[in-house]
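Enquirer: return a 3D structure for these sequence lines:
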Amino acid sequence: MHVYYKPHASRSSERAFFDHLVAHFPEAKVIDENFLVPNYTMSCTINKGQLTKALQKDIYLAPNKRRECIDILSACPNELKAVVDPKSISFDIVITTTQQTYYWEYHENQHRSLNVTRPQAIYNSTSNTPIIVPRFFQRLLRDVWRALYFQPYTIVWKDWFDRHKSTYKPALQTEFNEFSQTDKFSFKRFIEDYKSE
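Expert: You can find the predicted model right below:
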């Protein structure tokens, strides 16, 4: 078993989560680098209409931020790419065994507050040309992309972990798992709305 984790000096909370997680897998070898996602995932797209629908149905994100995201989408092509280069995207933690790859994200509040506005790129799915959007929208698109196309995938939210770390025992689970406060935004709910007819 290998655990891929590239520490960031400014992310002390994420490091605390990593230390908690890896303590439950004492046999694992820690590799101090990001896991390179498969090349084929670069062709995976996000549908504009389905993402718009999920934003319209959501009741947990701030209404002004949902409206801002919908407005950005209105000027986008029907299919979008979150990323076009595997080296430009990563997961916080990846665990590999001989049978499976397990993807983990430790989400802090910026993944639902949607308030970082510096310009970043998403991509036209046909031409791979960049579309410049605020960082919060790029982050949302990347989070949706991760949840749609990577399994098994686990999200642990910081505020949930802060409340439950004394009893939380990380495990290698199948499918998509999320540990979040019931009264807060959840990607599991959001993806269900994205996929719904």
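
Enquirer: give me the contacts around the top helix by length along the chain.
Expert: Ordering each helix of the chain by length in residues (DSSP state H) puts helix 135-149 first. Residues outside helix 135-149 that contact it (C-beta atoms under 8 Å, 6 or more residues apart in numbering) are 41, 44, 46, 51, 65, 68-69, 72, 80, 82-83, 89, 91, 103, 105, 107, 110-111, 113-122, 153, 155, 176, 187-188, 190-191, 194. Glycine gets a C-beta too; all of them are placed from N, C-alpha and C.

Enquirer: for Glu68, give its distance to Ser74.
Expert: Glu68 is 11 Å from Ser74, where distance means C-beta to C-beta, to the nearest Å.

Enquirer: per-residue confidence at the spatially most central residue of the chain?
Expert: Nearest to the centroid of the C-alpha atoms of the chain, with distances taken as C-alpha atoms, centre = their mean, sits Asp143, at 3.1 Å. Here, the pLDDT recorded for Asp143 equals 98.

Enquirer: repeat that for the one 5 residues further on.
Expert: Per-residue confidence at Leu148 stands at 97 (pLDDT).

Enquirer: do the same with the one 3 residues further on
Expert: The confidence metric pLDDT takes the value 94 at Gln151.

Enquirer: then the one 4 residues further on?
Expert: At Ile155, the model reports a pLDDT of 98.

Enquirer: pull the number of nearby residues for it.
Expert: Applying other C-beta atoms under 10 Å, we find 23 residues neighbouring Ile155.

Enquirer: part of a strand, is it?
Expert: Yes. Assessed with DSSP: H, G, I helix; E, B strand; the rest coil, Ile155 lies in a strand.

Enquirer: my guess is it contacts Ser180, does it?
Expert: Yes. If you go by C-beta atoms under 8 Å, Ile155 and Ser180 touch, sitting 7.2 Å apart.

Enquirer: number of nearby residues for the nearest residue to Pro134 once chain neighbours are set aside?
Expert: For Pro134, ignoring the flanking residues on the chain, the nearest one in space by C-beta to C-beta, 6 or more residues apart in numbering is Thr117 at 4.5 Å. Using other C-beta under 10 Å, Thr117 has 12 neighbouring residues.

Enquirer: quick check: the closest residue to Phe150 other than its chain neighbours vs Ile155, distance?
Expert: The shortest distance from Phe150 to any non-neighbouring residue, by C-beta to C-beta, 6+ apart, is to Tyr103 (4.7 Å). The gap separating Tyr103 from Ile155 is 9 Å, by C-beta to C-beta.

Enquirer: kindly report the same for Glu14.
Expert: Glu14 is 13 Å from Ile155, by C-beta to C-beta.

Enquirer: element containing the closest residue to Lys184 other than its chain neighbours, please.
Expert: In space, and not counting its chain neighbours, Lys184 is closest to Tyr60: 6.2 Å by C-beta to C-beta, 6+ apart. Assigned by DSSP states H and E, Tyr60 belongs to no helix or strand.

Enquirer: I'd say Tyr60 and Ser186 touch.
Expert: Yes. Taking C-beta under 8 Å as the definition, Tyr60 is a contact partner of Ser186 at 7.2 Å.
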